[in-house]
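# next comes the sequence, and after it the predicted model I'd like to discuss.
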Amino acid sequence: MKKRSIILAGMAVLLLALLLAGCGGNSGESSDDITLEQFNRIETGMDYSEVVAILGRSGELFHEAGVTRVYHWEDNSSSALVTVIFVDGEVNATAQVGLD
């Protein structure tokens with residue numbers, strides 16, 4: 001039951017992150033772009049370091065509760081946003097907005 005609550009909380013945060021994604025602005029930088037291909041390589045069960053290796057940089061810790069951590073990666077040349085939920089240190093869910 002506790003694990004279900006953690007997952008539901010994580011999914012609620014993910015939904016909030018997706019709703020807020022349109023509020024971010026463009027930083028004007030052109031390096032460190034994130035591609036849909038990179039996003040699609042992220043798999044359930046990967047750890048944070050594997051995701052960082054795929055996306056090429058560290059994410060921003062958006063939310064932490066118990067064993068659940070939610071990280072965001074913003075694309076520097078667009079308003080694209082990648083969100084990854086980790087439970088017990090492993091990818092549990094992913095979402096993206098704005099990647100073509």
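Everything's here; your move. Numbers count the residues shown, from 1 in each chain.
# can you pull out the strands in this structure?
For the chain, applying DSSP state E gives strands covering 60-65, 68-74, 81-87, 90-97.
# against Asn40, how distant is Ser79?
19 Å (CB to CB, to the nearest Å). Where C-beta positions appear, they are placed from N, C-alpha and C, glycine not excepted.
# so for the two, which residue has more residues nearby?
Ser79 (15 against 12; other CB atoms under 10 Å).
# picking that back up, make a markdown table out of the strands of the chain and add distance to Ser49, mean pLDDT and mean neighbour count.
Listed next are those as a markdown table, based on distance: least, CB to CB, whole Å; pLDDT from 0 to 100; neighbours: other CB atoms under 10 Å:
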| stretch | distance to Ser49 | mean pLDDT | mean neighbour count |
| --- | --- | --- | --- |
| strand 60-65 | 14 | 97 | 13 |
| strand 68-74 | 12 | 97 | 21 |
| strand 81-87 | 11 | 98 | 22 |
| strand 90-97 | 11 | 98 | 18 |
